[in-house]
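Enquirer: sequence and predicted structure, then a few things I'm wondering about:
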Amino acid sequence: MFELARIHTLWELVEYRARVSRGAPMFFDGDGRSVTFDGMRDEALRVAAGFRELGIGAGTRVAWQLPTRIETVVASLALARLGAVQTPVIPLHREREVGFILAESAAEFVLVPGVWRGFDHTAMVRKLAGDGVRVVSVAGGLPQGDPGALPQGDPGALPQGDPGALAAAAGADEGQAGGAGRASWVYYTSGTTSSPKGVEHTDATLLAGGIGLATALGMSADDIGSIAFPYAHIAGPDYVIAMLVSGFPAVMLESFEPGHAAAVYRRHGVTMAGGSTAFYQAFLDESRRYRQRLPRAGRLIPSLRLLSGGGAPMPPELYAAAGRELDCAIVHGYGMTECPMITMGTPYDSDEQLSRTVGKPVVGAQVRIVLPDGSEAGTGESGEVTLKGAMLFRRYTNPALTAAAFAPDGSFRTGDLGYLRPDGHLVLTGRLKDIIIRKGENISAQEIEELVRTHPAVAEAAVIGLPDRERGERVCAVVTPADPAAPPLTLAALTAHLRAAGLMTQKLPEQLEIVGELPRGGPLNKVLKASLRERYTA
């Protein structure tokens, strides 16, 4: 650990792990391929040399929109080796988001997957990119560029060159720790009603987040993790850094399909899976189907000991049901693009702590709850969650957003509401923007959602505020049925259940909508409440 404390860049961490875990596996994929830690380092060096021959070097702005593949991690590490400024783009983004990102990031190169899942990314990016942008198209996970614009060589392979011709690896920028220094990563948050926000990170900020995750999870080289979420999400490097810190390998899947993922995880003996609340639910459902088909087969994933993730609230009843069905612990955390790791549950927490909180602040994160007047909230008192720490982003690409997001003392305003318990664990109670204002009273949508989900007729729930002439906003519960064949839930039955659970009258839903499924989107499959508001306002 002493040597890790002296590491300041991602590439230094790659070199460290390649040296101390030589010959040990780093990645497996669903197609039976594998690569070692030192093999990844060596391949990234060759690719870095190839990128250098294309004109990519320190400070070159490179956007990439690539699927979750081993080659994507190789390309990303190669760019880190060169000191390029990377802008990862979620593969599901289309013209609106990609056009904005390419224009604002001033990308000089764009790496794309060619035709992926029936969509031609190369054609889209060539249409959106400016004349001076070099588009390097990827087919089958390996870059292919325009033959007239690329050096001579195998067009079906990643460009390669002599690693000995590389300049010395870029070091940490002066003052980089704690979020200062030159940005080397720019992530864009996806918005449903506004343009994405560019979030600047350094290697140091991402390293701090990954170290916080690794410390909380307590993984070792004997464990096997998994990545079935978009590597282009900030959780991608966060997870890979945790792997490099702890020395454990992971199974990487290009897309998540619960049955296929479970089969691959069984084959490789995965001990930690997850990604978000939606993944917990998917594994729960898949396990029930698996046991129904094969009553004597045992557990869905016999080696599994941990489900971990974040990105959305975890209902306590899902914690109980998934943990019981899958026979494993569930450790849930809290992070965001601006700060990839804020709090995290640990395998050593109690069931009550794991089911009711998002864990304690990870090592290096400073969480403070602030009241509307700017004063600090007391223990158990709800307010806005604010942050400081080495994993906090450097700034937004839009200076106006940066000025609005930081308090005078330098702390970041998350826009999330919550409180710290006496045991130091954080409870999130909602979003400032997810507050329903009914007759002048602030109502947390999340509080109502948690209670609505406890009704036996409800599978999933989203609570939204809708415009109302008399009340300002009215409370609307949108639910999916636990049993579609059963008689539909009525508003009267739901409100009776909520009254019995102790919900005050002012917070009771005044409208109930039953749908087959909730609209979801984004890399972590979050519920799209803006879509629901638009649908039911109309």
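Expert: Done, it's in.
Enquirer: tell me the residue in this protein that is farthest from the middle.
Expert: Taking Cα atoms, centre = their mean, the residue of the chain most remote from its mean C-alpha position is residue 470, at 39.5 Å.
Enquirer: please report how far that residue lies from residue 337.
Expert: According to Cβ to Cβ, to the nearest Å, residue 470 and residue 337 sit 38 Å apart. In this view, the C-beta of every residue, glycine as well, is placed from N, C-alpha and C.
Enquirer: all helices of the stretch 51-200 of the chain, in order?
Expert: 70-82, 95-105, 121-128 (DSSP state H, counting those that start in this stretch).
Enquirer: residue 301 and residue 357: what is the separation?
Expert: For residue 301 relative to residue 357 (Cβ to Cβ), the value is 25 Å.
Enquirer: I should have written residue 65 there, sorry.
Expert: 35 Å.
Enquirer: same question for residue 104.
Expert: 37 Å.
Enquirer: look at these two and report which has more neighbours.
Expert: Between residue 104 and residue 357, residue 357 has the larger neighbour count (other Cβ atoms under 10 Å), namely 24 against 17.
Enquirer: can you mark which positions in stretch 10-24 are buried?
Expert: Residues of stretch 10-24 classed as buried by neighbour count (16 or more other Cβ atoms under 10 Å): 10, 11, 12, 13, 14, 15, 16, 17, 18, 21, 24.
Enquirer: and the average pLDDT for that stretch is what?
Expert: What stretch 10-24 shows for mean pLDDT is 97.
Enquirer: can you give the contact residues for it?
Expert: 3-4, 7, 36-38, 40-42, 44, 77, 80-81, 169-170, 203, 206-207, 221, 237, 241, 244-245, 247, 249 (Cβ atoms under 8 Å, 6 or more residues apart in numbering).
Enquirer: tell me which of these fall in helices.
Expert: Among the contacts of stretch 10-24, the ones falling in helices (DSSP state H) are 3-4, 37-38, 40-42, 44, 77, 80-81, 203, 206-207, 237, 241, 244-245.
Enquirer: just the buried ones from those residues?
Expert: Buried among those (16+ other Cβ under 10 Å): 4, 37-38, 40-41, 44, 77, 80-81, 203, 206-207, 237, 241, 244-245.
Enquirer: taking those residues together, which two end up most distant?
Expert: Using Cβ to Cβ, the pair of those lying farthest apart is 38 and 206, separated by 21.8 Å.
Enquirer: if we can go back for a sec, looking at the helices of the stretch 51-200 of the chain, which is nearest to residue 424?
Expert: Between the helices of the stretch 51-200 of the chain, helix 70-82 lies closest to residue 424; by Cβ to Cβ that is 34.1 Å.
Enquirer: for residue 481, see how far away residue 313 is.
Expert: Look at residue 313 and residue 481: by Cβ to Cβ, they are 20 Å apart.
Enquirer: one more: residue 422?
Expert: Distance, residue 422 to residue 481, using Cβ to Cβ: 39 Å.
Enquirer: more neighbours: the two, which one.
Expert: residue 481 (17 against 7).
Enquirer: who does the more buried one form a beta bridge with?
Expert: Residues in a beta bridge with residue 481, per DSSP bridges, are residue 458.
Enquirer: ok, now which ones touch it?
Expert: Per Cβ under 8 Å, 6+ apart, neighbours of residue 481: 457, 458, 459, 488, 489, 514.
Enquirer: for those residues, work out which two are farthest apart.
Expert: Of all pairs in these, the most separated under Cβ to Cβ is 459 and 488 at 12.8 Å.
Enquirer: for the stretch 151-300 of the chain, give me the ranges with low pLDDT.
Expert: 151-181, 190-194 (pLDDT under 70).
Enquirer: hey, where'd the strands end up in it?
Expert: Using DSSP state E, counting those that start in this stretch, the strands found in the stretch 151-300 of the chain span residues 185-189, 197-201, 225-227, 250-252, 272-276.
Enquirer: helix, strand or coil for the residue farthest from the centre of the chain?
Expert: coil (DSSP: H, G, I helix; E, B strand; the rest coil).
Enquirer: so what's the backbone phi/psi at it?
Expert: phi -90, psi -40 (degrees, to the nearest 10).
Enquirer: can you pull the pLDDT of it?
Expert: 74.
Enquirer: do I have it right that residue 531 meets residue 519?
Expert: Yes. Between residue 531 and residue 519 there is a contact under Cβ atoms under 8 Å: 4.5 Å.
Enquirer: which of the buried residues of stretch 10-24 fall within strands?
Expert: Using DSSP state E, the subset of these located in strands is empty.
Enquirer: tabulate those residues (a markdown table), appending distance to residue 197.
Expert: Putting the buried residues of stretch 10-24 into a markdown table (distance: Cβ to Cβ, whole Å) gives the following:
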| residue | distance to residue 197 |
| --- | --- |
| 10 | 23 |
| 11 | 27 |
| 12 | 29 |
| 13 | 27 |
| 14 | 29 |
| 15 | 33 |
| 16 | 33 |
| 17 | 32 |
| 18 | 35 |
| 21 | 37 |
| 24 | 38 |
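Enquirer: and of the residues you listed, the nearest to residue 344?
Expert: residue 13 (19.6 Å).
Enquirer: just to revisit the earlier point, between the helices of the stretch 51-200 of the chain, which one is nearest to residue 442?
Expert: The minimum distance between residue 442 and the helices of the stretch 51-200 of the chain falls on helix 95-105, with 31.7 Å, by Cβ to Cβ.
Enquirer: follow-up on the earlier one: tell me which of the buried residues of stretch 10-24 fall in helices.
Expert: Members of those lying in helices (criterion: DSSP H): 10, 11, 12, 13, 14, 15, 16, 17, 18.
Enquirer: phi, psi of the closest residue to residue 452 other than its chain neighbours?
Expert: In space, not counting the residues next to it along the chain, residue 452 is nearest to residue 461; the distance is 4.1 Å by Cβ to Cβ, 6 or more residues apart in numbering. Phi and psi for residue 461, reported as degrees, to the nearest 10, are phi -150, psi 150.
Enquirer: so who does residue 461 touch?
Expert: 449, 452, 453, 477, 478, 479, 480.
Enquirer: quick one: it from residue 483, how far?
Expert: 15 Å.
Enquirer: repeat for residue 298
Expert: In terms of Cβ to Cβ, residue 298 sits 27 Å off from residue 483.
Enquirer: repeat that for residue 23.
Expert: Going from residue 23 to residue 483 by Cβ to Cβ gives 52 Å.
Enquirer: look at the closest residue to residue 415 other than its chain neighbours and report its pLDDT.
Expert: Of all residues not flanking residue 415 in the chain, residue 432 sits nearest, at 4.9 Å (Cβ to Cβ, 6+ apart). Looking at residue 432, its pLDDT reads 81.
Enquirer: contacting residues for residue 432?
Expert: 384, 415, 416, 417.
Enquirer: narrow those residues to those in strands?
Expert: In this view, these that belong to strands under DSSP E are 384, 415, 416, 417.
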